[in-house]
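Visitor: Structure for the following, please:
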Amino acid sequence: MSLSKLAFRNLKNIRHNMMYLGAVTFAILIYYTFLAIRSNEAMLNANEMYGKLGTVFTGSSIILAVFSTIFIWYSGDFFLRRRKQELGLYALLGLERKQIAQLIFIETMGYGMVGLIIGTALGTVASKYFVQLLAHVMAIDIEATFTISLAAMGQTIAVFLVIFLLIALRSARTIYRFTLIELFKANQQVEVIPKVHPILAVLSLLLMGFGYYLTGQPLLDHFTVVAPLLIVCIIVGTFGTMSYFTIFLLRVLSKQARHFEGTNLILHGQLLSRVKSNAVMLSTITVITAVTLTTVGTATSIYYFIDRTVEQQMPYSLSVASKRPEAEQLIKESNQTIEQRTMVNVKNVDHQMKELPNPLYLTKYYRTYAMDGSKGQFSYINYSDYRRLAKANGKRVLPEPQQGEAIVLETFKGNDLLQERVKSPVGIKINDIHSSFRITGETDLPIAQLYEKQRLAFVVSDDAFAMMPERAWMLTNYQFSDERTDDGLMKKLEALYGKQAETDMAAYYPVYAITTATTGLLAFAAGFLGLVFLLATGSIIYFKMLAEAEESKHRFAIIQKVGVAQGEQVSIIRRLVGFVFSLPYLLGLIHSIFAMQVLQKLLNYNIVMPTVLAIGCYTVVYLVYYIMTVRAYRRIVM
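Guide: As a prediction, this is how the structure comes out:
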């Protein structure tokens with residue numbers, strides 16, 4: 001029988017190699033689907049932001065390619081180890097190593113080609129529904145169809161041919177590393193009990209503890225120094241924990257009385273003999289789990305709070321500073337209904353940067369100093385307009401400032417940014433070109449979104465406002481009944497204002513549409529990658545445990561001979577697999593919780609709900625992998 005016929009016969013043995021073919025097909029399916037979504041013409045035509053954010057998909061596709069390589073590498077390693085005795089038999093029957101290597105090469109490339117055909121076919125179908133899902137989260141209306149992206153298909157074939165070529169060469173090279181005896185005894189390897197290093201174990205925990213401590217510090221002040229140090233401490237501490245602390249913990253447990261109860265002796269021995277060889281894998285999965293939960297939790301949180309984010313940036317449906325009669329006429333001709341209209345007089349007064357006190361000039365979200373050659377300015381309103389505006393927005397009305405006093409209007413992210421270095425800006429004195437004011441109160445009341453990011457605004461008494469020689473500008477704010485929809489009103493207003501649109505008008509809907517599209521796209525990419533990471537890490541543990549199950553057959557045969565009941569054997573398997581699954585999951589979960597606390601401080605939102613949703617979905621899929629692994633492990637050893 002020729003090598004090609006033998007390889008073809010092995011390829012037809014789908015039942016024994018179904019998991020490997022499934023792993024290959026899944027990796028190709030995900031990668032091709034992602035590329036097909038990226039190049040979807042309907043999405044490109046429907047939303048301009050989709051095309052501008054192509055770098056998100058480009059970076060994500062690179063990550064997917066790297067992960068697919070690791071994923072297929074691990075699955076291929078499992079099936080190669082599983083077939084070592086078969087390969088030893090080929091050698092015993094007279095096949096030379098070169099011929100066996102060629103056989104493995106042909107089979108690997110054959111499975112790759114089959115996976116490419118199935119994966120791209122399934123990806124073509126799946127891409128339509130994923131495009132519809134993406135359009136939904138981006139809040140755009142498109143008609144997705146079944147399309148074949150030749151560019152995506154070509155890139156998928158090129159990338160995975162390289163991956164399969166590398167894996168095939170690596171598998172073929174493995175044949176030259178083992179003797180005939182080693183191939184036959186592949187499942188009878190002797191495990192060495194690792195040494196205990198208490199100092200390194202404690203040091204690993206201290207490194208992680210120090211990393212957790214850094215998450216509670218003001219990262220924004222020294223982000224370029226603190227953030228890399230935090231990441232290094234967490235990663236190094238994680239690898240140290242898996243390599244040294246777990247061994248130390250198991251050795252401590254082996255000295256306890258419970259070590260000799262029931263099947264604990266067998267379980268602890270199994271764990272001790274395996275934990276050292278699995279340390280790198282468990283550490284990697286821990287870090288990936290933490291990154292996945294943090295990334296998905298972050299994207300989910302940001303998407304979850306789109307309404308609040310846009311509301312903070314655009315508190316009114318529409319604000320105009322000129323051409324009010326013309327704008328009013330366009331609004332009447334549209335489908336929008338005005339629920340509320342407020343007007344406020346604003347005076348803009350110049351100031352010098354050196355006169356702006358700490359911490360106000362450190363607040364990056366405000367234009368409190370000269371930019372691009374323009375003058376630094378403060379905005380002032382009188383107390384009468386403030387009181388009317390506060391009542392219209394349901395805000396508490398603060399007492400009227402006296403002579404030389406002012407109320408600061410913090411119109412972005414509430415008060416937290418101003419409180420970053422001091423507890424409150426109250427009491428701070430500021431100077432403009434006319435006089436000095438002492439801040440006596442603070443409120444997050446917005447004047448109008450025209451000035452929301454331009455300059456700090458203050459409320460002064462009516463008399464102080466009247467004394468300012470600058471011209472007062474009338475700002476009109478509209479609140480519509482349905483500000484999330486647009487029947488063409490915004491385009492008409494932009495045409496009305498022309499070049500003055502950026503300075504004389506601002507609307508809620510354009511910001512809402514852009515924010516939803518951008519955030520939805522990022523959330524989709526994060527969720528997509530999170531799903532891939534989850535399935536890949538679960539599969540890596542699955543294949544690793546099944547490889548160990550093949551090597552543990554003789555151990556369980558001995559256990560059965562000494563009279564250990566079948567139920568107790570199943571208990572050993574469950575706890576053994578549970579330890580390998582739960583250790584990286586729990587540690588990665590702790591990492592992500594500390595990271596999400598940092599995110600919560602930055603967003604100033606309560607992100608408990610979106611975080612719990614992300615963790616819950618991750619946990620459910622993880623449990624499914626655990627159950628699958630226990631069943632497969634049991635079938636092999638029992």
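
Visitor: Now that residue 337 has come up, it's in contact with residue 481, right?
Guide: Yes: assessed by CB atoms under 8 Å, residue 337 is found in contact with residue 481 at 4.3 Å. Quick note: C-beta positions are derived from backbone N, CA and C, even for glycine.

Visitor: Beyond the lowest-mean-pLDDT helix or strand in the chain, next helix or strand please.
Guide: Least confident element among the helices and strands of the chain, by mean pLDDT, DSSP states H and E: helix 180-184 (a mean of 57). As assigned by DSSP states H and E, the chain's next helix or strand after helix 180-184 is helix 198-215.

Visitor: Which strands and helices lie in contact with that next one?
Guide: helix 223-240, helix 246-253, helix 566-603 (3 or more CB pairs under 8 Å, 6 or more residues apart in numbering; DSSP states H and E).

Visitor: okay, these in CSV with mean pLDDT and mean neighbour count next?
Guide: CSV is the format used below for the helices and strands packed on helix 198-215 (pLDDT from 0 to 100; neighbours: other CB atoms under 10 Å):
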stretch, mean pLDDT, mean neighbour count
helix 223-240, 82, 16
helix 246-253, 75, 18
helix 566-603, 83, 18
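
Visitor: chain center to stretch 609-624, what's the gap?
Guide: Distance, stretch centre to chain centre, for stretch 609-624: 14 Å (CA atoms, centre = their mean, to the nearest Å).

Visitor: Please apply the same query to stretch 494-509.
Guide: Here the centre of stretch 494-509 is set off from its chain's centre by 35 Å, with CA atoms, centre = their mean.

Visitor: coming back round to it: out of the helices and strands packed on helix 198-215, which is closest to residue 537?
Guide: helix 566-603 (7.8 Å; CB to CB).

Visitor: In the protein, which residue is most central in space?
Guide: What sits nearest the mean C-alpha location of the chain, by CA atoms, centre = their mean, is residue 295, with 1.6 Å.

Visitor: For that one, which non-adjacent residue is closest in space?
Guide: residue 526 (5.0 Å; CB to CB, 6 or more residues apart in numbering).

Visitor: who's in contact with that neighbour?
Guide: The contact partners of residue 526, by CB atoms under 8 Å, 6 or more residues apart in numbering, come to 295, 296, 298, 299, 300.

Visitor: So the third one versus residue 227, what's the distance?
Guide: To tie it back to what came earlier, the one meant is residue 298. Taking CB to CB, to the nearest Å as the measure, residue 298 falls 15 Å from residue 227.

Visitor: and what of the last one?
Guide: Plainly put, residue 300 is 22 Å away from residue 227 if you go by CB to CB.

Visitor: State whether residue 331 and residue 338 are indeed in contact, as I suppose.
Guide: Yes: the pair residue 331 / residue 338 is scored as a contact, 6.5 Å apart, by CB under 8 Å.

Visitor: The two: which has the busier surroundings?
Guide: A direct count of neighbours by other CB atoms under 10 Å for residue 331 and residue 338 places residue 331 higher, at 21 against 14.

Visitor: State the distance from the more buried one to residue 489.
Guide: 7 Å.

Visitor: One more: residue 435?
Guide: 42 Å.

Visitor: For the two, indicate the residue with more neighbours.
Guide: Higher neighbour count among residue 435 and residue 489: residue 489, with 21 against 14, using other CB under 10 Å.

Visitor: wait, what's in contact with the closest residue to the more buried one other than its chain neighbours?
Guide: Once flanking residues are discounted, residue 489 sits nearest to residue 334: 4.2 Å by CB to CB, 6+ apart. When contacts are counted by CB under 8 Å, 6+ apart, residue 334 touches 487, 488, 489, 492.

Visitor: what's the angle between the stretch of helix or strand the residue nearest to the centre of the chain belongs to and helix 223-240?
Guide: Assigned by DSSP H and E, residue 295 belongs to helix 279-304. Counting by axes from the mean of the first three to the mean of the last three CA atoms, to 10 degrees, helix 279-304 lies at 140 degrees to helix 223-240.

Visitor: need the next SSE after helix 279-304, C-terminal direction.
Guide: Helix 279-304 is succeeded, C-terminally, by helix 306-313 (DSSP H and E).

Visitor: same question for that next one, mean pLDDT?
Guide: Computed over helix 306-313, the mean pLDDT rounds to 76.

Visitor: ok so, going back, who wins for proximity to residue 160 among the helices and strands packed on helix 198-215?
Guide: When the helices and strands packed on helix 198-215 are ranked by distance to residue 160, counting by CB to CB, first place goes to helix 566-603 at 27.4 Å.

Visitor: what sits against residue 66?
Guide: Counted by CB under 8 Å, 6+ apart, residue 66 has zero contacts.

Visitor: correction: residue 201
Guide: Residue 201 makes contact with 240, 241, 244, 245, 247, 248, 249, according to CB under 8 Å, 6+ apart.

Visitor: same thing but 6 Å
Guide: Neighbouring residues of residue 201 by CB atoms under 6 Å, 6 or more residues apart in numbering: 244, 245, 248.

Visitor: which one of those residues is nearest residue 457?
Guide: Closest approach to residue 457 among the contacts of residue 201 (CB to CB): residue 245, at 54.3 Å.

Visitor: can you tell me how far the nearest residue to that closest one once chain neighbours are set aside sits from residue 207?
Guide: Spatial nearest neighbour of residue 245, chain neighbours left out: residue 201 (4.1 Å); criterion: CB to CB, 6+ apart. Shown here: residue 201 relative to residue 207, a distance of 11 Å by CB to CB.

Visitor: What of residue 237?
Guide: For residue 237, the distance to residue 207 (CB to CB) stands at 4 Å.

Visitor: likewise residue 609?
Guide: From residue 609 to residue 207 the distance is 32 Å (CB to CB).

Visitor: Give me the more crowded residue out of the two.
Guide: Legend: neighbour count by other CB under 10 Å for residue 609 and residue 207, higher for residue 207 (20 against 12).

Visitor: Could you pull up the residues touching that one?
Guide: Each residue near residue 207 by CB under 6 Å, 6+ apart is listed here: 233, 236, 237.

Visitor: Now residue 471, what are its backbone angles?
Guide: Main-chain dihedrals, residue 471, degrees, to the nearest 10: phi -70, psi 140.
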